[in-house]
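Undergrad: The sequence and its predicted three-dimensional model are supplied below.
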Amino acid sequence: MTQDSRDAAMRYRLEKEARERGEESDAGAPASDRIWTREERAAIVEASIDQAIRRGDFDDLPGAGKPIPGLGTTHDPDWWIRRKIERERLTGLGPPALTLRTEFAELEQRLDALRAERDVRDYLEDFNRRVIEARRQLLGGPPVVTPTVDVDECVRAWGERRDAATRRSAAEAGEPARKPRWRFLRGTWTRGD
């Protein structure tokens, strides 16, 4: 029995019940022209869902048995673009507000990949410049909520992470830890590793 014949059978049963209750006004009209009551529509929908469950139409759907991603988090009007970027692992695309948020979340990893303090300072100054420029944008889009960073504080934290990684790798290799060398360059004290 096909789905159409099952629906037709359900509609016939509902029409028969309506005639038995004395609702003869729509009895002569074809089923497609009949105006269904809320209860009748609900019964048809429930019957269709039950039939689909018996046929197995809802088995092995993607995401079955998994929690709905993002449920219970704060409302983000740009959820759809963020999900698309995450799902397809796109980088450098999207409005500046979203790309800067992503970059800010990965800031420590990006800084740790740099080797010289001058490179870290240049990167952080460029990041702050792009955040300020995005705040001035007149193109529309989501608001820029990414904060600017304190360059000196981030450089200090980068140096501490780098020293800790050096000590850790030296301890794993069984070598004594080296003290970092400092030098005065262009009016500031910098590490001269």
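TA: Looks like it arrived, so ask away. Just so you know, these numbers come straight off a predicted model, no measurement behind them. Numbers count the residues shown, from 1 in each chain.

Undergrad: can we go C-alpha only for contacts and neighbour counts from here?
TA: Will do.

Undergrad: neighbours around Gly159, how many?
TA: Gly159 is flanked by 19 other residues according to other C-alpha atoms under 10 Å.

Undergrad: Pick out the least confidently modelled helix or strand of the protein, by mean pLDDT.
TA: The helix or strand of the chain with the lowest confidence, counting by mean pLDDT, DSSP states H and E, is strand 182-185 at a mean of 65.

Undergrad: tell me which element Glu103 is part of?
TA: Using DSSP states H and E, Glu103 sits in helix 96-105.

Undergrad: Same check on Gly72?
TA: Per DSSP H and E, there is no helix or strand for Gly72.

Undergrad: For Arg19, give me the pLDDT.
TA: Looking at Arg19, its pLDDT reads 77.

Undergrad: Look at it and give its secondary structure.
TA: What DSSP: H, G, I helix; E, B strand; the rest coil gives for Arg19 is helix.

Undergrad: ranges for the helices of this structure?
TA: Applying DSSP state H to the chain gives helices spanning 3-20, 38-55, 79-88, 96-105, 107-112, 117-135, 151-173.

Undergrad: Of those, which is nearest Val145?
TA: Between Val145 and the helices of the chain, the shortest gap by C-alpha to C-alpha is with helix 96-105, which sits at 7.1 Å.

Undergrad: and that closest one, what's its mean pLDDT?
TA: Across helix 96-105, the average pLDDT comes to 86.

Undergrad: And the contacts of the helix holding Glu103?
TA: Contacts to helix 96-105, defined as C-alpha atoms under 8 Å, 6 or more residues apart in numbering, come from residues 82, 91-93, 131, 134, 141-146.

Undergrad: Check these for burial and list the buried ones.
TA: By neighbour count, with 16 or more other C-alpha atoms under 10 Å, the contacts of helix 96-105 hold 82, 131, 134, 144, 146 as buried.

Undergrad: Would you point out the most distant pair within these?
TA: Greatest spatial distance in the buried ones among the contacts of helix 96-105: Arg82 and Val131, 18.6 Å, computed using C-alpha to C-alpha.

Undergrad: and the contacts of helix 96-105 as a markdown table, adding pLDDT?
TA: As requested, the contacts of helix 96-105 are exported to a markdown table (pLDDT from 0 to 100):
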| residue | pLDDT |
| --- | --- |
| Arg82 | 76 |
| Thr91 | 71 |
| Gly92 | 69 |
| Leu93 | 69 |
| Val131 | 91 |
| Ala134 | 87 |
| Gly141 | 73 |
| Pro142 | 79 |
| Pro143 | 83 |
| Val144 | 84 |
| Val145 | 86 |
| Thr146 | 89 |
